[in-house]
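K.L.:
dropping the sequence and predicted coords here.
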Amino acid sequence: MPSKVLAGVEVEVDAEGFLVNPNAWSEEIAGALAAEAGIAELSEEQWRVIRFMREQYLELGVAPSLRSLGKGVGMKSKRLYELFPESPAKDAARLAGIPKPEACI
């Protein structure tokens, strides 16, 4: 597995840039991943989504789907796409340090 240095910490990532070990995650690493994705500073709404993704994964062992994500954070899909334009569930999972949701391509 490739590795990279994020927020001064060397972490293993897969070919798509997802952390191999979710326990290696920190908010500083999330910020570094966001910067790589062109997000200068994460908003409170984005943090809410990221934290929800992480909590759900740690509790259930799977990342939530876009529909579950929207319901869980109380946001419509349109708003999620405004916060994470390419793929809300996939991008938020990457920033949350969890594996890519199964429903994402």
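P.N.:
Arrived safely, thanks for sending.
K.L.:
return the residues in contact with Ala37.
P.N.:
Neighbour list for Ala37: 91, 94-95 [criterion: Cβ atoms under 8 Å, 6 or more residues apart in numbering]. In this view, the C-beta of every residue, glycine as well, is placed from N, C-alpha and C.
K.L.:
from these, list the buried ones, please.
P.N.:
91, 94-95 (16 or more other Cβ atoms under 10 Å).
K.L.:
distance to Met53 for those - can I get that in JSON lines?
P.N.:
Converted to JSON lines, those look like this (distance: Cβ to Cβ, whole Å):
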{"residue": "Asp91", "distance to Met53": "10"}
{"residue": "Arg94", "distance to Met53": "9"}
{"residue": "Leu95", "distance to Met53": "8"}
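K.L.:
out of those residues, which comes closest to Gly31?
P.N.:
Leu95 (8.6 Å; Cβ to Cβ).
K.L.:
secondary structure element holding that closest one?
P.N.:
Leu95 is part of helix 88-96, with elements assigned from DSSP states H and E.
K.L.:
what's in contact with that helix?
P.N.:
16-18, 25, 30, 33-34, 37, 42, 46, 49-51, 53-54, 57, 63-66, 69, 77, 80-81, 84, 99-101, 103-104.
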